[in-house]
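>>> Here is my input; please provide its structure:
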Amino acid sequence: MKMLDASATPDSPCFRPPSWPPPATWVVSEDAEGNPVSRFEDECWDFSAYAGRSLTLEFSSWRAPEGRQFMSQTNQGVLKLLTASLLWGPRSARRWKTLQNWFYALRRTVALCDREGIVASDLMRFPKVIKQLLTVFPAGSMTDNAISVFDRLLLGRRTLGFALVDEGVISQLAKKNSAQNKDWEKREQTAYIPPRIWLYQIRRLREFLDDFVAHKERVEACYRFCISAYVHNYGTIENAIGVARAVSRRTNPFSSEVPEGLDSSTGRLFYGKFENTAREFGIEPLIDKWVGPLSGGSGQIKMLSKYLSMVTHVGAIYIANFTLQRAGEFDVLRADCLVFEKDPVIGRIAVIRGDTTKTDPDDDARWPTSPNVQIAVDAMSSVARLRILPAATHPDAKCSEYDKENPFLIPPLYEPWQRPRGLPYSTRPDYQSYENFSSKYDLLFDLEELRITEEDLTIARRFTSNLTKSGRIAVGNTWPLAYHQLRRTGAVNMFASGLLSDTSVQVLMKHLTVLQSRYYGRNFTQVRFNDEYERLSVATRYEVMAVQIESLMQARYVSPLGEEHKNAIVVNLIGEKDVAMLAKAGANGEVSYRETRLGGCTKRGHCDYGGIESVARCAGGDGEKPCGDAMYDSGKRESVKRQLKEVNRRIKQAEPNSPFVKALKVEAQALRNYLDETNQ
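Alright, predicted model coming up:
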């Protein structure tokens, strides 16, 4: 546990509290010379020396539009404890501006409690005050900050000793934010891509990357050969780009106008049309499949550049599907962007690291991802290291040693057969929209597969109520793919994998992202991620929970304790509410839902049995009655059949009568109980 600023070293007295809660006289901040500035007991904490700007957190009083505000000593103590958790807790803030925004959200909450005459740590005991809490945050970024900080503190409630608010309250706040956003009626909400279309695009991207990897060595060898051929005929890369077009026809090694072979008078070598070279290296079918047939004369070699650019963009889009990054964020990734974090709770986690310029610059932002992205990073790295070859010697590029060592995954082009770029390597090229990219590379997707069906529209509307407002998204139209849709769709899929048939998301995403693991009952992690990623994911988590609760009314859901019990659960959770009203039931912690392997769990709070690692207790595999909080989703029958087959296989292979076999048999019985109950 440490402060977010590296200048607070382990030798500093304010590096971490000596105990919890921190002693009143403990130093929380110092000046540039290491002298104490603020102590835990102070009414104002000053972190200006660390933040590099004026930054103070005021606890006792502060200016507000309605006049000077004051807070009691008791609630000041609660607010200090909450703030200390954000600074020195296991999931501390990464940036000072983030901390400041979170602090303001907390201070509004604690100030409301103070005005109502209650201690903020007891807020959950006062439903009327909670209802007021939902009105104190304007829709937009302030509510987003409140959702983020409430969720962060909920994960740290064991350390704090209390939960400021629970999941139900956060869910209600998230839904209210969506409903009251001032721009909501003026624009169409970011669309959730229907599962069928999302799966189609991800499978085609993967097929493209698999094809490249299968031919990677041939592509690399061909590219290096072409660069060498130009250098041989022109002397240098810059000469190859700078010569006049008329001269170029007589020196271009892949010219269709010059006889093949060695020109003894000049020493230049000519290889005929580029398609001959592509065929010789075995990559002609690859280019033909994804970019188009090699045609024309001396310009054929540009098709190689087009194919390599396709590799970088397909790889970037594939990564974006699994990281929730913005286009401007995956645009600046470098070859070393994929790392694997070791978390003591979750284990090995794949993480993309890079720059983000959203709100505050952050040159070491982290996005949890699936190990599947390794194929994209490897493919893009291959192309990046090829394209650094001409860039490294070209005067316009001005490449640094770091650029040569660790190139951008989406590199600019300095190939001698292309027009001069005239810009430094560090100047990022403009990225195309997803829709424009798929139009330019029209062999990537079959437009008929992207055509919207009634079922596609029905599913997409579950998470985007005003989806058809613009008229573009309608049955029969082609789905307009966009990068920002990948962010929203990825966040929803993370928390609603039951929407996709045959556990497609589980196969694709491997359930290894930190937020998925946390959602499925592990509850916390030490790894810190990009703040915007967390804001989006947390808000979506609670939105998805409300939609999933509403779906319990469908006939596909059954209770292992009978229809009457299901009706009781549905009435208790939903009553006469629609999705927009569902979150109101969370004011008293009455709304809770999470996906399990058999369907869903309506238990409020933590479940010791999970429903993911094991479903033995959910379905009564141990010989006891099934769990009364469990709901079976009959749409998961095929998935459960596969699970049962796998468990039976493991039973046969395990040592007879061992504890492991006994546990497997209990699991198998639970799966059979589910199949019996849903076979109606």
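>>> Every contact and neighbour count from this point should use C-alpha atoms.
Will do.
>>> Next, the residues that contact stretch 646-656 from outside, please.
Residues outside stretch 646-656 that contact it (C-alpha atoms under 8 Å, 6 or more residues apart in numbering) are 660-661, 664-665, 667-668.
>>> Compare these and tell me which has the most neighbours.
residue 667 (25 neighbours; other C-alpha atoms under 10 Å).
>>> Pick out the most distant pair among the contacts of stretch 646-656.
Largest separation among the contacts of stretch 646-656 by C-alpha to C-alpha: 660 and 668, giving 12.3 Å.
>>> where do the helices sit along the stretch 51-200 of the chain?
Taking DSSP state H, counting those that start in this stretch to define them, one finds helices in the stretch 51-200 of the chain at 73-88, 96-115, 127-133, 141-155, 157-160, 167-180, 195-214.
>>> same check, this time on the stretch 351-500 of the chain
374-393, 401-405, 434-440, 454-461, 483-495.
>>> The ones you listed into TSV, with extra columns for distance to residue 153?
Below are the helices of the stretch 351-500 of the chain laid out as TSV (distance: least, C-alpha to C-alpha, whole Å):
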stretch	distance to residue 153
helix 374-393	33
helix 401-405	40
helix 434-440	37
helix 454-461	32
helix 483-495	20
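>>> By mean pLDDT, show me the worst of these.
Note on the helices of the stretch 351-500 of the chain: helix 483-495 shows the lowest mean pLDDT, a mean of 77.
>>> could you say what helices and strands it packs with?
helix 302-323, helix 514-517, helix 531-551 (3 or more C-alpha pairs under 8 Å, 6 or more residues apart in numbering; DSSP states H and E).
>>> again, only using 7 Å
Helix 483-495 is packed against helix 302-323, helix 531-551, with contacts defined by 3 or more C-alpha pairs under 7 Å, 6 or more residues apart in numbering; DSSP states H and E.
>>> before we move on, the earlier item: can you tell me which of the helices of the stretch 351-500 of the chain comes nearest to residue 15?
helix 401-405 (32.5 Å).
>>> follow-up on the earlier one: using CSV, please lay out the helices of the stretch 51-200 of the chain together with mean neighbour count, mean pLDDT and distance to residue 53.
Output for those, formatted as CSV (neighbours: other C-alpha atoms under 10 Å; pLDDT from 0 to 100; distance: least, C-alpha to C-alpha, whole Å):
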stretch, mean neighbour count, mean pLDDT, distance to residue 53
helix 73-88, 20, 91, 18
helix 96-115, 20, 90, 10
helix 127-133, 16, 89, 31
helix 141-155, 22, 80, 21
helix 157-160, 15, 78, 30
helix 167-180, 23, 73, 31
helix 195-214, 17, 94, 44
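>>> can you list the ones you listed in CSV and add distance to residue 371?
Output for the helices of the stretch 51-200 of the chain, formatted as CSV (distance: least, C-alpha to C-alpha, whole Å):
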stretch, distance to residue 371
helix 73-88, 30
helix 96-115, 29
helix 127-133, 40
helix 141-155, 25
helix 157-160, 31
helix 167-180, 29
helix 195-214, 13
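>>> Relative to residue 597, which of those is closest?
Closest among the helices of the stretch 51-200 of the chain, using C-alpha to C-alpha: helix 195-214, at 18.6 Å.
>>> what's the angle between the closest one and helix 483-495?
On the basis of axes from the mean of the first three to the mean of the last three C-alpha atoms, to 10 degrees, helix 195-214 is oriented at 100 degrees to helix 483-495.
>>> So which elements touch helix 195-214?
Counting by 3+ C-alpha pairs under 7 Å, 6+ apart, the packing neighbours recorded for helix 195-214 are helix 302-323.
>>> Report the distance from the helix it packs on to the chain centre.
Distance of helix 302-323 from the chain centroid (C-alpha atoms, centre = their mean, to the nearest Å) equals 19 Å.
>>> what is the mean pLDDT for that helix?
93.
>>> Need the residues that contact that helix.
Helix 302-323 has contacts (C-alpha atoms under 7 Å, 6 or more residues apart in numbering) with 202, 205, 287, 291, 330, 367-370, 373, 376-377, 379-380, 383, 409-410, 417, 486, 490.
>>> switch to 6 Å and redo it
367, 369, 373, 376, 380, 410, 486 (C-alpha atoms under 6 Å, 6 or more residues apart in numbering).
>>> Take those and write them to JSON lines, including distance to residue 223 and neighbour count.
Compiled in JSON lines, these are given as follows (distance: C-alpha to C-alpha, whole Å; neighbours: other C-alpha atoms under 10 Å):
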{"residue": "367", "distance to residue 223": "32", "neighbour count": "23"}
{"residue": "369", "distance to residue 223": "31", "neighbour count": "27"}
{"residue": "373", "distance to residue 223": "24", "neighbour count": "24"}
{"residue": "376", "distance to residue 223": "19", "neighbour count": "27"}
{"residue": "380", "distance to residue 223": "15", "neighbour count": "28"}
{"residue": "410", "distance to residue 223": "17", "neighbour count": "26"}
{"residue": "486", "distance to residue 223": "32", "neighbour count": "26"}
